[in-house]
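Trainee: here's a sequence, model it:
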Amino acid sequence: MPRRTKIVATLGPATDPISVADDILAAGVDVVRLNLSHDSHERHRERAKSIRERATAAGREVAVLMDLQGPKIRIGKFTEGKIQLSYGDAFAIDTACGLDDGDQTQVGTTYAPLANDVRHGDSLLLDDGAIELWVDKVANGRIDCKVVVGGTLSNNKGINKKGGGLSAPALTEKDKKDIRFAAEIDADYLAVSFVRNGNDIRLARELFQSAGGRGGIVAKIERAEALDDIDDIINAADAIMVARGDLGVEIGDAELPAVQKRLISRARELNAVVITATQMMQSMIESPIPTRAEVFDVANAVLDGTDAVMLSAESSIGKNPAKVVEALDRICLEAEKSVRRSGHRIDSVFGRVDEGIAMAAMYTANHLGVKAIAALTETGSTVKWMSRISSGIPIYAMTRFAETRRKVRLFRGVDPVAFDVASTDIHEVNREVIEELLARGTVHNGDLVIITKGDRSGVEGQTNIMKIMRVGEHKLLTKD
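Mentor: Residues are numbered from 1 along each chain as shown. Next comes the predicted model:
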């Protein structure tokens, strides 16, 4: 059986050589991420073009995810490059301090309104929580603090407020330019950083579509306040990303595992896709093998129902990009052996005919010993609904559209197949679908297969038929 959990790998200098790109594709990458916090548009354009060409040469299709930088709030630089802070030291973040003029007592910030968002008693976390400052006094743009957790502090480190509450908008002017670029290169997904609420997603979608973008929107959950509006965010987006770096800093590392589980569960309940990200295989930036803790981390995300696991620095700048992907592949495959069938939405009322067909197909497949599901689809909606239900049965999205084939690469348990139903005789469709599955080795004579399609072939949103067929006999079984 093919691996059901998808692998997202960030491209970077380590994956630029053609041989490495070929290796990660062979190892099973489904989606590639381009991080707009680094490198130029031209460099990202080259990477997207190259990986698509290599995937085509390998007979595969991969989705491209463009990740916006968002309002990353940072301190400025120090005249000496770094300082050493100790418990109890007085230290200030001062908007009046030049961005290059930090010293042992103060530093500037890239976010001028920072002083408006904090008050006496708040905690500021620097460098992903490595440094903690307690806010003593705020006046005239200067935040006077006491060091609670000290250490080495160097240039341009990020700032988070413990518990969340920084007012920076999710989309910066840079992001808006990057959205137009993402549309220009036909990105399959656009990830929005530091989302606060559903309106941030709706605005990003409007800007993306206005620029000609046709891809899905991924909401990165990394602000504490996003958790208070999570249903609206999930409903506004096509997918969410559990971005455990900044989120863990804001809510605390001890809370993060339970929050991750709740986010994965809620996303699936609301029919959204979910990516689990950040430090999943961090040791493999240097090491050729993962730690046992990393193996457990990835396996638990799979068991919780994540659609995808994501690599960041592990693939973009690591020493062993292909080995990391190979390790993820084998961990996911092993964990998937323990996944149980679910009763997801068993008591729900469905709002659309095609949604009802998708749910009926999965319920039937899970209880009738079906070996494969073939969904003839235009947009991928039918297979997205199907993929929300836990199952070990492979789902094939059979479509003529390359855009749809790339999009479904992110859906758990779904594999794309190039299949042009519009040019196929309606009476021959079932036979050709079965022959495609036989050629793939997915099914054998005597196996049951479910086919979903519309009686108006090639029309979006018209899936209204479910057929159960036995391979080799072409015997139609009906579901009453």
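
Trainee: every contact and neighbour count from this point should use C-alpha atoms.
Mentor: Will do.

Trainee: element containing residue 145, please.
Mentor: If you go by DSSP states H and E, residue 145 is part of strand 142-149.

Trainee: residues of the next helix or strand after that strand that come out buried?
Mentor: Later in the chain than strand 142-149, the nearest helix or strand by DSSP H and E is strand 151-154. Residues of strand 151-154 classed as buried by neighbour count (16 or more other CA atoms under 10 Å): 153-154.

Trainee: what of stretch 144-164?
Mentor: Quick answer for stretch 144-164 (16+ other CA under 10 Å): 144-150, 153-164.

Trainee: over to stretch 71-88?
Mentor: Here stretch 71-88 shows 71-78, 82-83, 85 as buried, counting by 16+ other CA under 10 Å.

Trainee: the stretch 1-150 of the chain: strands as residue ranges?
Mentor: 6-10, 31-35, 63-67, 82-85, 90-94, 106-107, 123-126, 131-139, 142-149 (DSSP state E, counting those that start in this stretch).

Trainee: quick one: the longest one to strand 142-149, angle?
Mentor: Right, the one you point to is strand 131-139. On the basis of axes from the mean of the first three to the mean of the last three CA atoms, to 10 degrees, strand 131-139 is oriented at 150 degrees to strand 142-149.

Trainee: packing partners of strand 131-139?
Mentor: strand 123-126, strand 142-149 (3 or more CA pairs under 8 Å, 6 or more residues apart in numbering; DSSP states H and E).

Trainee: just say helix, strand or coil for the spatially most central residue of the chain.
Mentor: The centroid of the chain falls nearest to residue 275 when counting by CA atoms, centre = their mean (3.6 Å). Per DSSP: H, G, I helix; E, B strand; the rest coil, the local secondary structure of residue 275 is strand.

Trainee: for residue 243, see how far away it is.
Mentor: To residue 243, residue 275 is 8 Å away according to CA to CA, to the nearest Å.

Trainee: show me the contacts for the residue lying closest to residue 2 once chain neighbours are set aside.
Mentor: Spatially, and ignoring its direct neighbours in sequence, residue 2 is nearest to residue 394 (7.3 Å; CA to CA, 6 or more residues apart in numbering). Going by CA atoms under 8 Å, 6 or more residues apart in numbering, residue 394 touches 1-2, 4, 371-373, 413-415.

Trainee: ranking these by neighbours, who comes first?
Mentor: In terms of neighbours by other CA atoms under 10 Å, the contacts of residue 394 top out with residue 414 at 29 neighbours.

Trainee: grab the nearest non-local neighbour of it.
Mentor: Using CA to CA, 6+ apart, the nearest residue to residue 414 is residue 395, at 4.8 Å.

Trainee: who does the one you found form a beta bridge with?
Mentor: Taking DSSP bridges as the rule, residue 395 bridges to residue 373, residue 414.

Trainee: point out where the chain drops to low pLDDT.
Mentor: Filtered on pLDDT under 70, the chain yields the residue ranges 340-351, 422-427, 455-461, 474-480.

Trainee: going along the chain, name the helices of it.
Mentor: 18-27, 41-57, 173-184, 198-210, 230-236, 244-251, 256-269, 292-304, 313-316, 321-336, 353-368, 381-387, 402-407, 429-440 (DSSP state H).

Trainee: residue 117: which of these is closest?
Mentor: Set against residue 117 and scored by CA to CA, those come closest in helix 244-251, at 14.4 Å.

Trainee: rewinding a little: let me have the helices of the chain in a markdown table, extended by mean neighbour count.
Mentor: A markdown table is the format used below for those (neighbours: other CA atoms under 10 Å):
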| stretch | mean neighbour count |
| --- | --- |
| helix 18-27 | 17 |
| helix 41-57 | 16 |
| helix 173-184 | 19 |
| helix 198-210 | 18 |
| helix 230-236 | 20 |
| helix 244-251 | 23 |
| helix 256-269 | 18 |
| helix 292-304 | 18 |
| helix 313-316 | 25 |
| helix 321-336 | 21 |
| helix 353-368 | 19 |
| helix 381-387 | 24 |
| helix 402-407 | 22 |
| helix 429-440 | 16 |
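
Trainee: possible to save these as JSON lines with distance to residue 108?
Mentor: Below are the helices of the chain laid out as JSON lines (distance: least, CA to CA, whole Å):
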{"stretch": "helix 18-27", "distance to residue 108": "40"}
{"stretch": "helix 41-57", "distance to residue 108": "28"}
{"stretch": "helix 173-184", "distance to residue 108": "21"}
{"stretch": "helix 198-210", "distance to residue 108": "28"}
{"stretch": "helix 230-236", "distance to residue 108": "33"}
{"stretch": "helix 244-251", "distance to residue 108": "21"}
{"stretch": "helix 256-269", "distance to residue 108": "30"}
{"stretch": "helix 292-304", "distance to residue 108": "37"}
{"stretch": "helix 313-316", "distance to residue 108": "28"}
{"stretch": "helix 321-336", "distance to residue 108": "37"}
{"stretch": "helix 353-368", "distance to residue 108": "53"}
{"stretch": "helix 381-387", "distance to residue 108": "46"}
{"stretch": "helix 402-407", "distance to residue 108": "42"}
{"stretch": "helix 429-440", "distance to residue 108": "60"}
